[in-house]
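Enquirer: dropping the sequence and predicted coords here.
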Amino acid sequence: MKSCRSGGTFFMPYIHPSDETKKKRKKMKKKVAIQGIAGAYHDIASRNYFEGDEVEIIPCLTFRDVIATIKKDPSVLGIMAIENTIAGSLLQNHELIRESELRVIGEYKLRISHSLVALPGTSIHDVTEVNSHPIALMQCSDFLDTLPHAKVVEKEDTALSARWIAENKLEGHAAICGKLAAQIYGMEVLAEGIETNKRNFTRFLIIADRWTAEDMLHGTDINKSSLVFALPHTAGSLSKVLSVLSFYDMNLSKIQSLPIIGREWEYLFYIDLTFTDFTRYKQALDAIRPLTKDLKILGEYAEGRQSM
């Protein structure tokens, strides 16, 4: 095998694996980095997405740590929440994925159902403090109003709150989390389905190293993509792009703008497209490229499932 030389440094070229190797990799145990710990909603979403596969969860403190874990070990996949039907978009995660050079390889839309859990034998009338992630607390505000004597305290994570109460045997404390966390940490469910809005869904993106992404997507019917681009600060610049996408029968399922730091009144636009004709999609990209700046494909993948 020949090596490649660049400025006196030798490196080996990437050898594309065979179809048989790709199939074996798809069936291997999936190592998935998540923000949070076992029992968190990222854990639930990853197990649902890779249903039927053995999944090893790699817990991370932050989403930035998720990115770092994948870069350290390219065989690791990641999952990151990107938007919620109640709380809106997680703007930071849009930027993290763009800057990371990782690829989006899939998505999963998880219905979020919160439960109030506590140590076994606890009555709901014994609860004096409720712990959870601030978004989970916000989503259960109506239920919390029925516990006027309970102090509400924000924590880093839903499942972490349950584990903290269990490990420290904190009587009178309760956590808002998923039922999986209650099962894992031996907690009793005092109330379930306590979210205010029952149509509460979070969309998660599955991310991977570029070469791993190629292997994982082999044989996939791609009908969705996530893009990001900047536009000149001129009248009608966005409408021109949207008109071209419409002409090529692209369905715009999401658009999110973020200001570009240091460039006043200029924005990055994150968009999701769904399509039925991959050739027309590629033609659409070629058509909008001259109208945009820094057009980048974050991922091309199959539209994801939604839990019931």
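Expert: On my side now, so go ahead. A quick note: this is a predicted structure, and the numbers were derived from the prediction, not measured.
Enquirer: how about the strands in the stretch 201-308 of the chain?
Expert: Taking DSSP state E, counting those that start in this stretch, the strands of the stretch 201-308 of the chain run over residues 201-208, 224-230, 251-259, 267-274, 293-301.
Enquirer: comparing those strands, which comes out most buried?
Expert: strand 201-208 (a mean of 23; mean count of other Cβ atoms under 10 Å). Backbone N, C-alpha and C define where each C-beta goes, glycine included.
Enquirer: make JSON lines from the strands of the stretch 201-308 of the chain and add mean pLDDT and distance to residue 164 to it.
Expert: Putting the strands of the stretch 201-308 of the chain into JSON lines (pLDDT from 0 to 100; distance: least, Cβ to Cβ, whole Å) gives the following:
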{"stretch": "strand 201-208", "mean pLDDT": "97", "distance to residue 164": "22"}
{"stretch": "strand 224-230", "mean pLDDT": "97", "distance to residue 164": "35"}
{"stretch": "strand 251-259", "mean pLDDT": "94", "distance to residue 164": "34"}
{"stretch": "strand 267-274", "mean pLDDT": "96", "distance to residue 164": "35"}
{"stretch": "strand 293-301", "mean pLDDT": "96", "distance to residue 164": "35"}
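Enquirer: mind putting those strands into CSV with distance to residue 100?
Expert: Putting these into CSV (distance: least, Cβ to Cβ, whole Å) gives the following:
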stretch, distance to residue 100
strand 201-208, 8
strand 224-230, 12
strand 251-259, 16
strand 267-274, 14
strand 293-301, 10
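Enquirer: which of these sits closest to residue 307?
Expert: The stretch from the strands of the stretch 201-308 of the chain with the least distance to residue 307 (Cβ to Cβ) is strand 201-208; that distance is 7.9 Å.
Enquirer: what is the closest one packed up against?
Expert: For strand 201-208, the contact count by 3 or more Cβ pairs under 8 Å, 6 or more residues apart in numbering; DSSP states H and E identifies helix 41-49, strand 77-84, helix 91-100, strand 103-111 as packing neighbours.
Enquirer: got a pLDDT number for the residue nearest to residue 118 when sequence neighbours are not counted?
Expert: Nearest residue to residue 118, sequence neighbours excluded (Cβ to Cβ, 6 or more residues apart in numbering): residue 174, at 4.2 Å. Confidence at residue 174, expressed as pLDDT, is 98.
Enquirer: which SSE is residue 174 in?
Expert: Secondary structure assignment for residue 174, by DSSP states H and E: strand 173-177.
Enquirer: between that strand and helix 41-49, how big is the angle?
Expert: Between the axes of strand 173-177 and helix 41-49, defined by axes from the mean of the first three to the mean of the last three Cα atoms, to 10 degrees, the angle is 40 degrees.
Enquirer: residues in contact with the helix or strand following strand 173-177?
Expert: The first helix or strand that comes after strand 173-177 along the chain, using DSSP H and E, is helix 179-184. Contacts of helix 179-184 from elsewhere in the structure, counted by Cβ atoms under 8 Å, 6 or more residues apart in numbering, are 38-40, 43-44, 113, 115, 117, 158-159, 162-163, 175, 187-189, 192.
Enquirer: could you pull up phi and psi at residue 63?
Expert: In terms of degrees, to the nearest 10, the main-chain angles of residue 63 are phi -70, psi -30.
Enquirer: can you check the one 10 residues further on too?
Expert: Recorded main-chain torsions at residue 73 are phi -130, psi 100, according to degrees, to the nearest 10.
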